[in-house]
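> kindly generate the corresponding structure for this input.
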Amino acid sequence: MRHLHRDRARKLREQQTPAEARLWSRLRNRALAGAKFRRQVPVGPYIADFLCKDLSIIVEADGGQHADQEDYDASRTAWLEAEGYQVLRFWNHAILTDTDAVMEAIGEAVHHARMAQSDS
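Residues are numbered from 1 along each chain as shown. Just a heads-up that it's a prediction; the model follows:
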């Protein structure tokens with residue numbers, strides 16, 4: 001099972017959407033507040049679009065197909081949150097048309113996760 005997820009993740013990286021490409025250009029190389037994000041990463045039975053493992057943050061870029069799979073997305077998010085991840089979901093349209101606001105929301109999550117770590 002692990003190899004299937006790894007192979008699927010690799011294929012997803014090669015076939016990223018324009019919204020995923022936009023996010024990745026802003027998240028890669030620790031460009032957002034020094035947080036290390038990886039893309040299309042297997043997490044349990046799922047593949048996260050973007051993962052900052054150190055801060056337990058997952059960022060999901062949702063296309064139109066997600067409107068038809070709300071129950072699946074809700075159970076997926078619940079599982080990831082139960083594993084300790086904070087899941088941020090953004091519609092592709094918002095990523096492409098209001099990138100700065102999306103990056104600000106992700107940046108706030110990074111900041112709050114760091115604050116929570118330093119309080120521990």
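
> which strands border the strand or helix carrying Q40, and is each parallel or antiparallel?
Take DSSP states H and E as the rule and Q40 turns out to sit in strand 38-43. Next to strand 38-43 in the sheet, as set by DSSP bridges, lie strand 46-52 (antiparallel).

> after the strand it pairs with comes which helix or strand?
Following strand 46-52 toward the C-terminus (DSSP H and E): strand 57-62.

> next, the angle from that following strand to strand 46-52.
Angle, strand 57-62 to strand 46-52, by axes from the mean of the first three to the mean of the last three CA atoms, to 10 degrees: 120 degrees.

> give me the helices and strands touching whatever helix or strand comes next after strand 57-62, please.
Proceeding N to C from strand 57-62, the next assigned helix or strand is helix 70-82, under DSSP H and E. Contact here means 3 or more CB pairs under 8 Å, 6 or more residues apart in numbering; DSSP states H and E; on that basis helix 70-82 packs against strand 46-52, strand 86-91. Every residue, glycine included, has its C-beta placed from N, CA and C.

> most tightly surrounded among those?
strand 46-52 (a mean of 21; mean count of other CB atoms under 10 Å).

> now that strand: average pLDDT?
Mean pLDDT, strand 46-52: 95.

> again with stretch 73-80
93.

> can you tell me what sits against it?
By CB atoms under 8 Å, 6 or more residues apart in numbering, the residues outside stretch 73-80 that reach it are V43, G44, P45, Y46, A48, I58, D62, H66, V87, R89.

> my read: L32 touches A109, true?
No - counting by CB atoms under 8 Å, L32 stays clear of A109, with 9.9 Å between them.

> ok, of the contacts of stretch 73-80, which one's closest to A105?
A105 lies nearest to R89 out of these, by CB to CB, at 10.4 Å.

> gap between the closest one and C52?
R89 is 15 Å from C52, where distance means CB to CB, to the nearest Å.

> low-confidence ranges in the chain?
Regions of the chain meeting the criterion pLDDT under 70 cover residues 1-13, 64-68.
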